[in-house]
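# everything below, folded, please.
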Amino acid sequence: MKFFLSVLILAFLLNGCSPETETGKLQVVASIAPLAYFAERIGGTHVAVSVMVPPGGNPHSYEPSPRQMVRLGKAILFIKAGSGVEFELDWMRRLLSLNHAMRLCNAVEGIRLLPIKHDGEAHQDERYDPHYWLTPANGIIIAKNVKRVLISADPDHREEYAANGAALEAELQLLDQEIHRKLAGLKNRRFLVFHPAWGYYANNFGLEQIAVEDEGKTLTPRQMQRVIEKAKASRIGVVFVSPQFSTAQAETIALEIGGRICSVDPLSPDYQNNLRRATSAFIESMR
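Numbering: from 1, shown residues only. Next comes the predicted model:
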């Protein structure tokens, strides 16, 4: 609490002497980079978008900087994932207290969250996978949510936001069809990920994600051996990793199965092309 109060005071001091507002643009803040993509595409030239957890940042442990607090104090809109991302659980109430006039877009609204699965089984405590944005179908829902709140915050540009949103939704529909088409001929449909970020993608496209890590915990030797045995039995040669997390144990698993690691980023700001890159990587690993 003392840390937050000191950051809050510093933020308002900086706010008074260092203007951050881009003339003529609405300040929009997104908690993670994939959500910023939607704000930029729909808001177009009318918005200036910043991200709380920057590229490469770990949403499980990130703490905002004083400069980010300044931007938040001037923002008209905050877009949150709303699905249990740890950064939001730790900081959301305090962030919203900085700017009571700021509107809130809950990007997850209307999306059915899936329980986290480990070794193919859902957790008994029904924890939900927060990475819902990693399918174009859910991306369409995110686009609708962002469009609706932007129009509410800035009705003078309603028509432009509506047109930009419709164009993005059409692109995402085509992307969904494209990925379905690319994956259609695969017989082997299992892939191994260290951090379980791709469950919605797997569910949407008829694949099976085999997840190694659970809640960010280091694996015990027995858990490591079980993963290695399962990977060998499934003839898996690639361990997918996220750039936000340590790859040490993933590299050990890859060595033991005679395979390799491959990075796929669940928090890339380049939303559509990132899904294409991930699809190509998954296809190569499953052939």
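
# what's the lengthiest helix in the chain packed up against?
In the chain, ranked by residue count with DSSP state H as the criterion, the top helix is helix 158-183. The contact analysis (3 or more CB pairs under 8 Å, 6 or more residues apart in numbering; DSSP states H and E) places helix 158-183 against helix 33-43, helix 136-153, helix 271-286. Using the backbone N, CA and C atoms, a C-beta is placed for each residue, glycine as well.

# what's the last one in contact with?
Meaning helix 271-286. 34, 37-38, 133-136, 139, 171-172, 175, 178-179, 182-183, 186, 188-191, 198, 201, 207, 236-238, 240, 262, 264-265, 268 (CB atoms under 8 Å, 6 or more residues apart in numbering).

# and if we set it to 6 Å?
Helix 271-286 is contacted from outside by Pro34, Tyr37, Leu175, Ile179, Lys182, Leu186, Asn188, Phe191, Val238, Cys262, Val264, Ser268, using CB atoms under 6 Å, 6 or more residues apart in numbering.

# from these, pick the one nearest Ile151.
Nearest to Ile151, judged by CB to CB, of the contacts of helix 271-286 is Tyr37 at 18.3 Å.

# now for the closest one: which residues touch it?
Counting by CB under 6 Å, 6+ apart, Tyr37 has contacts Pro269, Tyr271.

# what bridges to Ile79?
Beta-bridge partners of Ile79, counted by DSSP bridges, are Ala30, Cys105.

# that one contacts Leu35, doesn't it?
Yes - here Ile79 reaches Leu35: they are 4.8 Å apart, a contact under CB atoms under 6 Å.

# about what we covered before: angle of the longest helix of the chain against helix 136-153?
170 degrees (axes from the mean of the first three to the mean of the last three CA atoms, to 10 degrees).

# what is the rounded mean pLDDT of helix 158-183?
Averaged across helix 158-183, pLDDT comes to 98.

# need the contact partners of the helix or strand following it.
As assigned by DSSP states H and E, the chain's next helix or strand after helix 158-183 is strand 190-193. For strand 190-193, the surrounding residues in contact (CB under 6 Å, 6+ apart) are Glu208, Gln209, Ile210, Ala211, Ala231, Ser234, Ile236, Val239, Phe240, Phe282, Ser285, Met286.

# redo that, cut-off 8 Å
Looking at what lies outside strand 190-193 - CB under 8 Å, 6+ apart - the contacts are 198, 202, 207-212, 227, 231, 234, 236, 238-241, 264, 282, 285-286.

# same deal with stretch 260-268?
So stretch 260-268 is contacted by 32-34, 53, 55, 57, 59, 131, 134, 193, 195, 197-198, 237-244, 247, 250-251, 254, 274, 277-278, 281-282, 285 (CB under 8 Å, 6+ apart).

# can you pull the buried residues of the longest helix of the chain?
Glu160, Tyr161, Asn164, Gly165, Leu168, Glu169, Glu171, Leu172, Leu175, Asp176, Ile179, Leu183 (16 or more other CB atoms under 10 Å).

# angle of that helix against helix 271-286?
Using the same axes, to 10 degrees: helix 158-183 against helix 271-286 is 10 degrees.

# so helix 158-183 versus helix 33-43, what angle?
130 degrees.

# how far off centre is helix 158-183?
Distance of helix 158-183 from the chain centroid (CA atoms, centre = their mean, to the nearest Å) equals 18 Å.

# and if you look at stretch 143-156?
Using CA atoms, centre = their mean, the offset of stretch 143-156 from its chain centre is 21 Å.

# now do the buried residues in it.
Quick answer for stretch 143-156 (16+ other CB under 10 Å): Ala143, Lys144, Asn145, Val146, Lys147, Arg148, Val149, Leu150, Ile151, Ala153, Asp154.

# Gly24: which of those is nearest?
Checking the buried residues of stretch 143-156 one by one against Gly24 (CB to CB), the nearest turns out to be Asp154, at 11.7 Å.

# check that closest one and give its pLDDT.
So Asp154 comes in at 96 (pLDDT).

# my read: it touches Ile42, true?
No - the criterion here is CB atoms under 8 Å, and Asp154 misses it with Ile42 at 11.0 Å.
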